[in-house]
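**Student:** Need a 3D model of the following:
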Amino acid sequence: MSRSVSRFYDMLDELIASKDDLFVPETKKVSSPADDQARLFLEIVAFRERHGRAPDPASRSPEEMRLGVRLAAFRNDEAKVRALRDLDQYDLLVPAEHDKDRIPASLDELIAADDDLLSTPDDHIFEFRATPPPVPKAEADMIAERIPCAEFEKFAPIFDEFIADIASGARSTVPTSSTYQIAAGDMFILDGQLAYIAEVGAWMTRTRGDQKDARLRIIYDSGTESGHLLRSFGKALYRAENSRRVLSPQAGPLFEGQAAPVTGCIYVAKTLSDDPALADLKHHMVKIGSTTGSPASRISTAENDPTFLMAKAEILAEYDTRGVAPKKIEGLLHRFFAGACIDVRLPDRFGRSVDPREWFFISPATVEYAVRLIATRSLHLYSYDLEKDRVMTRAEG
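**Tutor:** The predicted model follows:
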């Protein structure tokens with residue numbers, strides 16, 4: 001063994017014999033709960049030193065919120081307050097009298113604290129100051145009850161005429177779909193009684209949503225009358241199971257004052273198609289058409305006519321256009337209801353693709369109302385609301 005190697009081993013023996021800490025394994029101390037609490041609290045102290053304030057538990061910063069919630073938990077635990085008092089150089093564990101950082105332990109403590117949030121010299125917890133008081137609901141200006149009609153003899157012939165027309169088939173009835181489309185002269189069937197709209201009062205604005213409403217004078221075939229608001233009567237029609245509207249089969253006096261002979265008519269029809277694609281739609285769609293002849297003859301070949309969806313149809317109503325070209329009236333109605341026009345494409349009997357533009361998602365009663373507006377030359381003052389199937393004044397829209 002060389003001398004240098006021998007010298008290395010001698011030095012190694014001396015190093016081992018000296019029991020240097022290099023060869024003594026370090027034993028990790030097990031931290032106590034008190035040490036963990038101290039470490040967690042010192043993180044709060046460090047935040048105080050960096051920012052000059054206690055952490056806010058309501059902060060949007062996740063780190064500050066976590067420390068603020070931890071501080072609130074320390075403050076609410078008297079044992080932890082005593083254990084950490086020596087580390088609390090900034091009095092973080094002793095909040096001020098109205099310190100907002102402290103979370104009350106109970107509702108009783110919150111009330112007992114008499115916090116500014118709950119009580120000030122000029123405020124009361126049950127008084128609303130920031131929130132405006134609710135708008136009082138408008139009280140009904142009268143309760144509409146049926147009373148005997150003193151002049152029923154004046155209206156009795158009207159009921160007799162309608163009953164005779166319904167029995168003969170001259171007039172038809174349809175379910176009331178657009179219940180707010182009500183005008184003077186309309187006839188309804190409500191709870192098994194005929195209800196005649198004798199008068200429609202002036203339009204007024206209701207409190208809720210600035211809705212328009214009007215007072216009606218309604219005469220019943222039982223010899224009574226009522227003064228319901230239009231919207232109230234509309235709701236009654238909607239809620240009744242078998243309420244119906246009586247349609248006028250012909251325009252009659254709508255186009256009075258025209259000396260020229262009848263040049264044609266407008267008709268409203270529904271499809272009797274068995275096509276499964278129309279099963280859910282056909283009860284809500286009508287065709288607005290015109291003819292210079294008879295509507296009955298117009299639909300006689302409907303199953304071969306693409307404008308009738310290649311299926312049989314039924315006439316619901318027809319209106320004579322005295323002295324006015326029916327195509328002109330039809331065009332007005334089509335433009336007025338353009339938003340409700342159905343986009344449908346189907347092949348004709350020769351296989352060619354056809355796109356009929358005379359079908360609309362509207363009710364027959366809505367068409368009748370629009371025809372009346374044309375007759376009184378006031379259609380331009382109105383517009384059509386597709387969602388409500390309602391003709392409304394442009395001011396309302």
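**Student:** Spell out the residue ranges of the helices in the stretch 101-250 of the chain.
**Tutor:** Secondary structure of the stretch 101-250 of the chain by DSSP state H, counting those that start in this stretch: the helices cover 107-112, 152-168, 230-239.
**Student:** of all these, which lies closest to S363?
**Tutor:** helix 230-239 (12.5 Å; Cβ to Cβ). C-betas here are computed from N, CA, C, even on glycine.
**Student:** mind listing what's buried in that closest one?
**Tutor:** Residues 230-234, 236-237 are the ones in helix 230-239 that count as buried (16 or more other Cβ atoms under 10 Å).
**Student:** list the helices and strands that helix packs on?
**Tutor:** Using 3 or more Cβ pairs under 8 Å, 6 or more residues apart in numbering; DSSP states H and E, the elements in contact with helix 230-239 are strand 187-190, strand 216-220.
**Student:** Can you lay out the ones you listed as JSON lines showing mean pLDDT and mean neighbour count?
**Tutor:** Below are the helices and strands packed on helix 230-239 laid out as JSON lines (pLDDT from 0 to 100; neighbours: other Cβ atoms under 10 Å):
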{"stretch": "strand 187-190", "mean pLDDT": "91", "mean neighbour count": "21"}
{"stretch": "strand 216-220", "mean pLDDT": "93", "mean neighbour count": "21"}
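**Student:** now for these, which one comes closest to G293?
**Tutor:** Among the helices and strands packed on helix 230-239, strand 187-190 sits nearest to G293 (Cβ to Cβ), with 28.8 Å.
**Student:** L316: which element?
**Tutor:** strand 313-322 (DSSP states H and E).
**Student:** In that strand, which residues are buried?
**Tutor:** In strand 313-322, counting by 16+ other Cβ under 10 Å, buried: 313, 315-322.
**Student:** so L386 makes contact with I342?
**Tutor:** No. Between L386 and I342 there is no contact under Cβ atoms under 8 Å: 11.8 Å.
**Student:** joint contacts of these two?
**Tutor:** F361 (Cβ atoms under 8 Å, 6 or more residues apart in numbering).
**Student:** Tell me which of the two has more neighbours.
**Tutor:** I342 (17 against 14; other Cβ atoms under 10 Å).
**Student:** That one: what's it in contact with?
**Tutor:** I342 sits next to 281, 285, 359-361 when contact means Cβ under 8 Å, 6+ apart.
**Student:** do the same with Q181
**Tutor:** 363, 365-366, 369, 389-391.
**Student:** Out of these, which one has the weakest pLDDT?
**Tutor:** Among those, D389 has the lowest pLDDT, at 79.
**Student:** picking that back up, so which of the contacts of Q181 would you say is closest to Y220?
**Tutor:** For the contacts of Q181, the nearest to Y220 is A365 (19.7 Å; Cβ to Cβ).
**Student:** Now the closest one: which helix or strand?
**Tutor:** Using DSSP H and E, A365 falls in helix 364-375.
**Student:** So which elements touch the strand holding L316?
**Tutor:** Looks like strand 313-322 contacts strand 262-271, strand 286-291, helix 295-298, helix 326-336, helix 364-375 (3+ Cβ pairs under 8 Å, 6+ apart).
**Student:** same question for stretch 197-208, mean pLDDT?
**Tutor:** 77.
**Student:** Next: stretch 343-357.
**Tutor:** Mean predicted confidence for stretch 343-357 is 69.
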